[in-house]
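# Turn this into a model:
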Amino acid sequence: MIVTMEGTTSSKIGKKLQQLRDDGGVVALGRVLTLIIETNTSHLEEAVTAANGASRLHPSRVIVLANDTSDSGKSSRLDAEIRIGGDAGASEVIIIRAYGDARNNSESIVTGLMLPDAPVVAWWPSGSEQNPSSNPIGVIASKRITDSAVQSAPGKYLDQLAANYVPGDGDLAWTRITLWRSQLAALFDRHLDQEVTGITVFGAANSPSAELLAQWLSTNLGHSAEVVSSFEGDPIDGILGVEVSFEAGALSVIRDGDVAVIRQIGSPDSSVLLPKRSDQDCLSEDMRFLGEDEVYGEVLTARLKA
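A predicted model of the protein is given here:
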């Protein structure tokens, strides 16, 4: 069910949501957190779809603050859209469009709509500030999720995230490499007696995930890693693979589609499923672990020392 409200207030939105639940027999029991999304209208439906999918594992109240810059001349007011039932997955979705001076009060808009005594997660799926913890929404969130991959200069954005990092910050570029890190960590266990002589990450020149993977490898293996943006003469999209050189040979994991081929010293070639992760998968992971990601913090802030 979708209900639209024009020229409304947070109080009226809350009362309408309660009425819809009472009339339809829908209850808020089982909602485990409030997910607040700040995005522009071009990313709106994509973000809601990802949030709805993630809510099947983490039932949530989703509050979306949609920024429509094309209507900057409108007078101060709030328009809202409430989605429940089949249109909201396992969530309650409240989409709010603020115009005029109302845009300057994002914290007051959402405060009365959040679930009481529940964790708050903030997600910026489109452009966002370089210091999420100082954002009005970030201040009230225990977990703050950015996406450096959608910024105009991902590398510089990562540097700013590193300079402003506080526990609770997270970035989808980091969560996208969870499968890579898990697979590589398992492979390294077989080569602990080998001295590393070189590390190469084959990744796109503008891929923050490739940069974070390279920094993670450098931090754990004690050898600087290089990001190479072409493979066999062709440019790379995303992350293609990793090669770690030892004195006695090399370990490589090179992906072709969703499957990666593993070549390593003293073992026959093998393969492993290593698909690209969707925003829904990454969001679900970040919503599962709401505390500090110490490894992410260590890897991110290591950029300041490089």
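# these two touch, right, residue 261 and residue 243?
No. At 11.8 Å, residue 261 does not count as touching residue 243 under the criterion of CB atoms under 8 Å. Backbone N, C-alpha and C define where each C-beta goes, glycine included.
# For the stretch 101-250 of the chain, which segments count as helices?
Taking DSSP state H, counting those that start in this stretch, the helices of the stretch 101-250 of the chain run over residues 106-111, 136-139, 154-163, 172-175, 178-188, 208-221.
# Comparing those helices, which comes out most buried?
Scoring these by mean neighbour count under mean count of other CB atoms under 10 Å gives helix 172-175 as the most buried, with a mean of 26.
# and it, what other elements does it pack with?
Applying 3 or more CB pairs under 8 Å, 6 or more residues apart in numbering; DSSP states H and E, one finds that helix 172-175 makes contact with helix 208-221, helix 279-288, helix 294-301.
# Out of those, flag the one nearest residue 162.
Evaluated over the helices and strands packed on helix 172-175, closeness to residue 162 peaks at helix 294-301, with 4.8 Å, by CB to CB.
# Which neighbours do residue 261 and residue 243 have in common?
Common contacts of residue 261 and residue 243, defined by CB atoms under 8 Å, 6 or more residues apart in numbering, comprise 252-254.
# In space, what's closest to residue 250 - neighbours in sequence excluded?
Nearest residue to residue 250 in three dimensions, chain neighbours excluded: residue 243, at 5.9 Å (CB to CB, 6 or more residues apart in numbering).
# which stretches of this protein aren't confidently modelled?
Filtered on pLDDT under 70, the chain yields the residue ranges 24-30, 69-74, 86-90, 306.
# Just give me the residue closest to the centre of it.
Per CA atoms, centre = their mean, the C-alpha nearest to the average position across the chain is that of residue 172, at 2.9 Å.
# Isn't that residue up against residue 144?
No. When contacts are counted by CB under 8 Å, residue 172 is not listed as touching residue 144 (11.7 Å).
# How is this protein divided into domains?
2-172, 178-273 (automatic domain parsing).
# Distance from the first one to the middle of the chain?
On the basis of CA atoms, centre = their mean, to the nearest Å, domain 2-172 sits 14 Å off its chain's mean C-alpha point.
# Give me the distance between the two termini of that domain.
Using CA to CA, to the nearest Å, the end-to-end distance of domain 2-172 comes to 29 Å.
# do stretch 287-300 as well
Note: stretch 287-300 ends 20 Å apart using CA to CA.
# List the buried residues of it.
Buried residues in stretch 287-300, counted by 16 or more other CB atoms under 10 Å: 287, 290, 293, 296-297, 299-300.
# for these, which one is nearest residue 271?
Distances from residue 271 to the buried residues of stretch 287-300, taken by CB to CB, are shortest for residue 299, at 27.2 Å.
# which residues does the closest one contact?
174, 212, 215-216, 219.
# Now the two most distant members of those residues.
So, those by CB to CB: farthest apart are 174 and 219, at 13.0 Å.
# Now the nearest residue to residue 280 once chain neighbours are set aside, what are its backbone angles?
Using CB to CB, 6+ apart and skipping residues adjacent in sequence, the residue nearest residue 280 is residue 53, 3.9 Å away. The phi/psi pair for residue 53 (degrees, to the nearest 10) reads phi -60, psi -40.
# burial of residue 53, as a residue count?
By other CB atoms under 10 Å, the residues close to residue 53 number 18.
# and if you look at residue 169?
Applying other CB under 10 Å, we find 24 residues neighbouring residue 169.
# Verify the stated contact: it with residue 133.
Yes. Between residue 169 and residue 133 a contact is recorded at 6.5 Å, counting by CB under 8 Å.
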